[in-house]
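**Student:** Structure, please.
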Amino acid sequence: MRVLHIISRLGAGGAEQQLRLLLRHLPARCDVLTLTAPGAAGHGIRADGVPVTHLPMGVRDPMGTARLARFIRGGGYDLVHTHLYRACVHGRIAARLAGVGAVVATEHSLGERHIDGRPLTVGTRARYLATERLGSATVAVSAAVADRLRGWGVANHRIHLVPNGLDARHFSFTPAARTAARARLGIPPHAFVVGGVGRLVAAKRFDVALRAVAELPQARLLLVGDGPERTALHDLAAWLGVADRIRLLGERDGAVAGTGDRPADIPGLLAAMDVFVAPSAEEAFGLAALEAVAAGLPVLHGVCPALDELPPGAAPGARRIGPGTAALADALRERAAAGPVRHPVPAAVERYDIVRTARRLALLYERSVSCGPDGCARGPAVTLRWPRSGAPAG
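**Tutor:** Numbers count the residues shown, from 1 in each chain. Down below sits the predicted model:
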């Protein structure tokens with residue numbers, strides 16, 4: 001089976017890193033097309049051996065949609081899989097224009113008030129719903145997203161719950177990784193380090209994390225990611241007089257820890273932290289917080305479906321906190337007083353194993369190729385074959 005993944009951007013966000021990880025496990029021949037210039041994830045996907053094409057396109061760009069349709073038609077793809085709002089809107093139209101009947105869209109970023117950083121206006125919602133009907137299936141990465149889609153009026157039989165996945169072993173903590181990462185960052189061995197990972201956008205509420213850390217004179221804050229709030233966070237740190245304790249590290253690769261002279265990437269940076277904060281007001285999933293749990297870190301979080309949807313007590317190292325600076329500052333004081341700790345990785349993390357996620361998507365691919373958008377049979381299915389080394393159990 002030939003699959004084209006269309007994604008709005010390929011920076012270092014959760015959706016982009018999730019696509020890169022999936023491509024390592026999907027039993028299909030995949031290409032990737034991005035609507036903006038490739039960033040960290042795009043370069044990583046290319047390094048993994050998957051072709052990446054850049055086709056610039058605006059939100060309202062009918063000529064761009066036509067170019068995209070020509071690209072799809074020329075590739076001879078059996079299925080198109082779209083990711084993030086702009087790619088879903090244009091990609092579903094283009095796939096139908098190109099004659100590809102199997103179109104799967106993953107909804108990575110639908111919140112209560114925003115979708116992929118855009119306010120949920122009447123127009124945004126109308127465009128999404130109009131094009132959703134052109135696809136074969138819509139994947140929700142959490143039960144919360146599935147509920148929101150149903151609330152919008154998307155038919156229940158078109159919604160498929162396939163949570164994001166991760167390779168938990170990739171985030172395993174070692175004291176050596178902690179020592180190396182702190183040495184590269186110039187952080188003393190016994191400093192209390194608070195960390196967060198994600199796009200620097202208002203909904204992540206990293207300003208709350210910064211204000212809370214400012215109330216703890218002994219604390220340092222590492223923020224991994226980039227986005228439109230970077231300058232505002234830098235200015236806030238200066239205004240609060242804590243710029244020397246705040247590090248905005250920019251985008252980092254989620255694939256490997258730093259080695260040699262290479263700066264520590266996300267697994268290594270998680271090793272350098274004492275507590276992870278994710279004070280988001282809304283999330284579609286919360287992959288970064290789940291990765292922190294896999295690294296054994298105590299996690300203080302706001303809205304996080306990946307953790308909220310686990311059974312009670314399934315992630316004992318994670319704690320949901322109330323909104324506002326005071327609640328987070330109090331929780332950080334407790335953590336600082338308790339001293340460094342690494343929790344055993346809970347068995348619940350296996351629920352999000354990337355091989356299981358890839359297997360569920362592969363089954364959906366087979367169903368979508370054998371059926372049209374209306375669910376009617378279209379002929380024999382194109383079978384996906386798992387490599388022997390990567391076949392999922394069960």
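**Student:** For residue 335, give its distance to residue 349.
**Tutor:** From residue 335 across to residue 349, the span is 21 Å (CB to CB, to the nearest Å). (Each C-beta comes from the backbone N, C-alpha and C, glycine too.)
**Student:** Return the helix or strand in the chain with minimum mean pLDDT.
**Tutor:** When the helices and strands of the chain are scored by mean pLDDT, DSSP states H and E, strand 118-119 comes last with a mean of 80.
**Student:** Partner strands of that one, with direction?
**Tutor:** When pairs are called by DSSP bridges, strand 118-119 turns out to pair with strand 114-115 (antiparallel).
**Student:** Just the mean pLDDT for the partner strand, thanks.
**Tutor:** In this model, strand 114-115 has a mean pLDDT of 82.
**Student:** and what of stretch 127-139?
**Tutor:** Averaging pLDDT along stretch 127-139 gives 93.
**Student:** if we can go back for a sec, what's the least confident helix or strand of the chain in contact with?
**Tutor:** With contacts defined as CB atoms under 8 Å, 6 or more residues apart in numbering, strand 118-119 is touched by 85, 113, 124.
**Student:** Can you tell me which of those residues are buried?
**Tutor:** 85, 124 (16 or more other CB atoms under 10 Å).
**Student:** so of the contacts of strand 118-119, which ones are in helices?
**Tutor:** 85, 124 (DSSP state H).
**Student:** Closest one to residue 232 out of the contacts of strand 118-119, please.
**Tutor:** Nearest to residue 232 among the contacts of strand 118-119 is residue 113, at 19.2 Å by CB to CB.
**Student:** so who does the closest one touch?
**Tutor:** Residues in contact with residue 113 (CB under 8 Å, 6+ apart) are 119-120, 282.
**Student:** got the contact list for residue 289?
**Tutor:** Counting by CB under 8 Å, 6+ apart, residue 289 has contacts 276, 278, 299, 301, 304, 306-307, 318.
**Student:** Would you double-check that residue 66 falls in a helix?
**Tutor:** Yes - using DSSP: H, G, I helix; E, B strand; the rest coil, the secondary structure at residue 66 is a helix.
**Student:** And it, how far from residue 196?
**Tutor:** Look at residue 66 and residue 196: by CB to CB, they are 41 Å apart.
**Student:** Ok, residue 156 next?
**Tutor:** Counting by CB to CB - residue 156 and residue 196 are separated by 35 Å.
**Student:** of these two, who's got more company?
**Tutor:** For the pair residue 156 and residue 196, the greater number of neighbours falls to residue 196 (27 against 8), based on other CB atoms under 10 Å.
**Student:** Tell me which helix or strand that one sits in.
**Tutor:** Assessed by DSSP states H and E, residue 196 sits inside strand 192-197.
**Student:** So what's the gap between the helix or strand just after that strand and the chain middle?
**Tutor:** Downstream of strand 192-197, the next assigned helix or strand under DSSP H and E is helix 206-214. Relative to the mean C-alpha coordinate of its chain, helix 206-214 is positioned 22 Å out (CA atoms, centre = their mean, to the nearest Å).
**Student:** tell me what helix 206-214 is packed against?
**Tutor:** Secondary-structure packing of helix 206-214 (3 or more CB pairs under 8 Å, 6 or more residues apart in numbering; DSSP states H and E): strand 192-197, strand 219-224, helix 230-240, helix 325-338.
**Student:** Tell me where the stretch 251-394 of the chain is predicted with low confidence.
**Tutor:** By pLDDT under 70, the low-scoring segments of the stretch 251-394 of the chain are 253-264, 372-394.
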